[in-house]
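Chemist: Predicted coordinates and the sequence they were generated for:
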Amino acid sequence: MSTTSAIPTPTPTQPIFSSTYPPTRATHDLSTLLKPKGKWSLIANGKGIERRVRFKGFKKCWEFMDTVASECVLQKHHPEWSNVYNTTFIRWTTHSPPGLSEKDVLMARFCDEVAGRCGEVEDVGDESEVGRDLVDRVGVEAGDCCVPKKGT
């Protein structure tokens, strides 16, 4: 007779909000963005949200990224993202003060709106996260983007 030990189910990560974002309002704002209602997932450490956005081709994907980049300049906030052909992997997090901020939520909503206007195609079947590894690596290697570099 074989016995199987139960594998514990991991506890879902809870969001960690930046100190400038009131938790009650932040939780409410985030609720419509996160799956299953929305298209975003909380990152493992709880300090950001991410998702993959796909289009029919490279041109529409680039249009999406260009539109988001223009808004980033206005908002003075940028994502950690990558692009491979028709797919953009995008992560919003705030480095200073650390955690999910109101700007992250605002920009995630903006991304959803722009993706719709640019003709986002439904993501079906393939669960691989094109671009996540690149975003993870560059996020570490680039250092803290929100703190001025010494000597600059």
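Modeler: Ah, there it is.

Chemist: Can you list phi and psi of the closest residue to D123 other than its chain neighbours for me?
Modeler: Leaving aside its sequence neighbours, D123 sits nearest to R54 (Cβ to Cβ, 6 or more residues apart in numbering; 5.6 Å). In short, each C-beta sits where N, CA and C put it, glycine included. Main-chain torsions, R54, degrees, to the nearest 10: phi -120, psi 150.

Chemist: what about R54, how many neighbours?
Modeler: 21 (other Cβ atoms under 10 Å).

Chemist: Quick check: bridge partners of it?
Modeler: T87 (DSSP bridges).

Chemist: which residues does it contact?
Modeler: 61, 86-87, 120-121, 123 (Cβ atoms under 8 Å, 6 or more residues apart in numbering).

Chemist: Please report how far it lies from D112.
Modeler: For R54, the distance to D112 (Cβ to Cβ, to the nearest Å) stands at 13 Å.

Chemist: do S18 as well
Modeler: 21 Å.

Chemist: Over to D123?
Modeler: For D123, the distance to D112 - Cβ to Cβ - is 13 Å.

Chemist: So those two - more neighbours on which side?
Modeler: D112 (18 against 13).

Chemist: which parts of stretch 72-88 are buried?
Modeler: By 16 or more other Cβ atoms under 10 Å, the buried positions in stretch 72-88 come out as 77, 79-83, 86-88.
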